[in-house]
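Colleague: Quick one, fold the following:
(chains A, B and C)
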Amino acid sequence: MGNTASNFDESGHQRSPSFSNSSSSASTRKQSASISINSSNIHPESRSVRSQTLGQSPDSFSNNSASIAGRQRRSSSLVGSLLTGGSRRASLFKANPGNANDSKGKSSSVEKNLAKQNHFMNLVVKFDEIVDGGFLAPYGVHDDERKLDYNDKIVRQLIVDRRLQPFYIPLEDYDDYDYSDYELLKVLKSQLLHQPYPENPEKFEDVPGVKGLSMSQLSDNNNIETFVDQTLTKNEKKIQRKLIFSARLYKRKCVWQEQENERYSEAKRGLGSNIVMIPSDELYLSLYRNGEECPICFLYYPKNLNISRCCQQPICTECFVQIKRKEPHFKNNNGEITTDVENIRSEDIPDSSDALISECACCPYCATPNFGITYAPPPKQIRTGLGAELRPCEYRNKLKDNMVDKNSEQDTKLITSRPRTHSLPATHDSVVTSDSIRPDWEVNLLKTKMRLKKRFAKATTIHINNRLVSSEEEKKIEKLEEEMLEQAIKLSLQDNQAKVSQ
Amino acid sequence: MSALPRRIVKETKNLVKDPVPGIKTNIPDDDNLRYLTVEMEGPAGSPFAGGVFSLELYLPEEYPMEPPKIRFLTPLYHPNIDKLGRICLDVLKDHWSPAFQIRTVLLSIQQLLGTPNPDDPLLSDVAELCKNDNAKYCEVAREWTKKYAIPEPKE
Amino acid sequence: MAIPRSFRLLEELEKGEKGGSQVCSYGLADGEDVTMTKWNGTILGAPNSAHANRIYSVEIECDSTYPDKPPKVKFVSKINLDCVDQTTGEIIVEKFNTMKNWKRSTTMEDILLDLRKEMITATNKALPQPAEGSTF
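Modeller: Here you go, the predicted model:
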């Protein structure tokens, strides 16, 4: 195999540096960028969104904001940008922090919406974002949106780096049938990239401003206001705005996935771009002939599921990304926990915000704290797709036969490094922990604490002198915000450094 | 979720086909595998022995990432089970793990009947009695078992 | 495959026990009723209206059709609203949108909160209110 990049140009697809760079660690950053750019040429709409995101830096915010709003939102929007990470984080640090004062009042919600939109785009399964026959986004075994809030950029990179098993399309009833090769291939080739989405989920039923709108209308957040019931209170309007945005995003995600399915089925028929990313029959068979059942979702995946770092139990990536810390909560002396932080009253909890805690995720099998896994990828010679030399269509068994010991069991079996038989610490280089794919938990905890402090302080002052916030309280809050902000930046920098040093 | 997850189909069918000894599971509605009814025998040596207690169980949308919802329909006198049949058990709350199964949960509940935990009670009066006058507690629990959980022999 | 009645009611009960909203409350009329049919609710009168600082009691009956069908709701405290039958205190479903356009996801809390909103609609605001503390 030579340099494969030029072949991709011939196939009509955007040249992807991640292929030519192979898996050298120095190019890790670059690869991640190329992956997201790659994904954006799928539908015109997402491309415009992407460029918007990339183009937006704090200096581009206009000056027309009220200074009060500027002060109040500065912290949250800055923290918000830190959390979204990636290229924008870099531009943020270059910008003069003084500029943040001028940021537009609504910037925080605009940024949040954009971040959410990008996250959803990265949850769309794309057939040509393929790693060893698996994908960079979940099939949708667990459809709970609240638990798909992992950092998509980190997870995608971990998969390309072969540190986490790719999201393979699961098989339902593999054990019930004795498939011939022909039948198994037929089943595999008829699979969708993502489980079908429910048409009208109950929570979005009757949400205005969704039905009958075109994709471009749905993506235009500026028209949301025209659908908001103006008789509602300020708070109710805010809730409705959020709901409309979420309902639209859901619908758009469904359409994005449909478009992807369409591209996929065209590619399978030998049409469109990137047909080289369709796995060869041999690749399919080598993967799924040796299926393994995930003990949590009971579905079949190609062998070498991720293995828990502590007790060496298998877990598919689909289930792994679902496991996370509990939301910040209070624990009373009886061990009872209160997760409904938003509705808690200051009198219920003594010195409340400091008592707020976040408990790490435990291993589902042996309850060891700081859940983490390792993944044993296929050997380099037979890796395909992103971060590999071979393209999925080029995978041939003979290639493998030339390179590995012929005595090794069946010839369709993927030879991998031997399974680990001892436990590893959460800090080990090869371990991917639950916290590492949701690195913002600490900042979230601080933010929740800050929100609570603010609310309690306000409630107390209203109680005392029936004014909104006394000047003294205001100073206190301001000071708090500064502290929180410093803390958040510090954490984020540490996080950045940790990543760079990896 | 549009289709029923593989795990729910497999788990419920297995429970019916291959039941845990002393615990019978039924699927009242074949079109709704998320709702099960259970008949549980009181553990031997406990004041609930000889009784058959019915429970209902629902697998929420998020199962197995969230625990099943379950309650007793037969009244019983127990510090960790309230008058509505709600069960205070750690594995049903914050100690839930997606690696647990319905089977595991039912066994834990059966075990709870035999080994009440009055230090973490749902009903403080029952817990007090259980701690301070265990003989009396067992007597009342036996009475309730007789009254509600043992079918009257028909003449 | 929606959540069955009993578990849905247990969820609502739990939320009510925790005291979700600060302007209404609700709970089982009889804490030992395993069928969870009869409920009591209270609504704090809407501010800036004749209802301010009043507390209204209501009875809610969730029969076996709940939550597929709305529960029966009846004011115990006298109140003069367009959607309340002035002889029995019962809610006239046709005149109360939340129950007229019932959705399975609507909860008792939603009903109580929406009844509170009814108190300050233009038509209702003009209505004379009975003496505080009188009952139907």
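
Colleague: Find the residue at the geometric middle of chain B.
Modeller: What sits nearest the mean C-alpha location of chain B, by CA atoms, centre = their mean, is residue B:109, with 4.7 Å.

Colleague: for that one, what are its contacts?
Modeller: Residue B:109 is in contact with B:40, B:55, B:70, B:87, B:89, counting by CB atoms under 8 Å, 6 or more residues apart in numbering or on different chains. (Glycine included, C-beta is placed from N, CA and C.)

Colleague: pLDDT score for it?
Modeller: If you check residue B:109, the pLDDT there is 97.

Colleague: ok, now residue A:310?
Modeller: Predicted confidence (pLDDT) for residue A:310: 95.

Colleague: How is it assigned, secondary-structure-wise?
Modeller: coil (DSSP: H, G, I helix; E, B strand; the rest coil).

Colleague: ok, now how distant is the closest residue to it other than its chain neighbours from chain C?
Modeller: Excluding the flanking residues, the one nearest residue A:310 by CB to CB, 6 or more residues apart in numbering or on different chains is residue A:368, at 3.9 Å. Separation of residue A:368 from chain C (CB to the nearest CB, to the nearest Å): 31 Å.

Colleague: residues near residue A:368, how many?
Modeller: 15 (other CB atoms under 10 Å in any protein chain shown).

Colleague: tell me the contacts of it?
Modeller: If you count contacts by CB under 8 Å, 6+ apart, residue A:368 has them with A:308, A:310-311, A:362.

Colleague: quick one: which of the contacts of residue B:109 is nearest chain A?
Modeller: Nearest to chain A out of the contacts of residue B:109 is residue B:89 (CB to the nearest CB; 13.0 Å).

Colleague: OK, contacts around the closest one?
Modeller: Under the criterion of CB under 8 Å, 6+ apart, the neighbours of residue B:89 are B:80, B:108-109, B:112.

Colleague: Give the next helix or strand downstream of the helix or strand hosting residue C:59.
Modeller: According to DSSP states H and E, residue C:59 maps onto strand C:55-61. Downstream of strand C:55-61, the first helix or strand assigned by DSSP H and E is strand C:72-75.

Colleague: Surely residue A:294 touches residue A:320?
Modeller: No. With contact defined as CB atoms under 8 Å, residue A:294 does not reach residue A:320; the gap is 9.3 Å.

Colleague: Comparing those two, which residue is more hemmed in?
Modeller: For residue A:294 and residue A:320, the more surrounded residue by other CB under 10 Å is residue A:320, and the numbers stand at 25 against 22.

Colleague: How about the contacts made by the more buried one?
Modeller: By CB under 8 Å, 6+ apart, residue A:320 lies in contact with A:164, A:306, A:373, A:434.

Colleague: what does residue A:227 give?
Modeller: Shown in contact with residue A:227 (CB under 8 Å, 6+ apart): A:208-209, A:244.

Colleague: Pipe those into JSON lines and attach neighbour count per row.
Modeller: What follows is the contacts of residue A:227, written out as JSON lines (neighbours: other CB atoms under 10 Å in any protein chain shown):
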{"residue": "A:208", "neighbour count": "14"}
{"residue": "A:209", "neighbour count": "21"}
{"residue": "A:244", "neighbour count": "22"}
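
Colleague: Just the ones of the residues you listed in helices?
Modeller: Within these, residues falling in helices by DSSP state H are residue A:244.

Colleague: nearest to chain A, of the contacts of residue B:89?
Modeller: residue B:80 (13.0 Å).

Colleague: where's that closest one relative to residue B:137, distance?
Modeller: Residue B:80 sits 13 Å away from residue B:137, taking CB to CB, to the nearest Å as the criterion.

Colleague: Please apply the same query to residue B:28.
Modeller: 34 Å.

Colleague: neighbour count winner among those two?
Modeller: Higher neighbour count among residue B:28 and residue B:137: residue B:137, with 22 against 9, using other CB under 10 Å.

Colleague: Helix or strand: which one has that one?
Modeller: Assigned by DSSP H and E, residue B:137 falls in helix B:134-144.

Colleague: Dump the C-alpha coordinates for that helix into CSV.
Modeller: C-alpha atoms of helix B:134-144 as CSV (Å, rounded to 0.1, in the frame of the first residue of the first chain):
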residue,chain,number,x,y,z
ASN,B,134,-38.7,-8.4,67.2
ALA,B,135,-41.0,-11.2,68.5
LYS,B,136,-44.0,-8.8,68.4
TYR,B,137,-43.0,-7.6,65.0
CYS,B,138,-42.8,-11.1,63.7
GLU,B,139,-46.2,-11.9,65.2
VAL,B,140,-47.9,-8.9,63.5
ALA,B,141,-46.1,-9.7,60.2
ARG,B,142,-47.3,-13.3,60.4
GLU,B,143,-50.8,-12.2,61.1
TRP,B,144,-50.8,-10.0,58.0
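
Colleague: Buried ones in it, by neighbour count?
Modeller: Using 16 or more other CB atoms under 10 Å in any protein chain shown as the test for burial, helix B:134-144 gives B:137-138, B:141-142, B:144.
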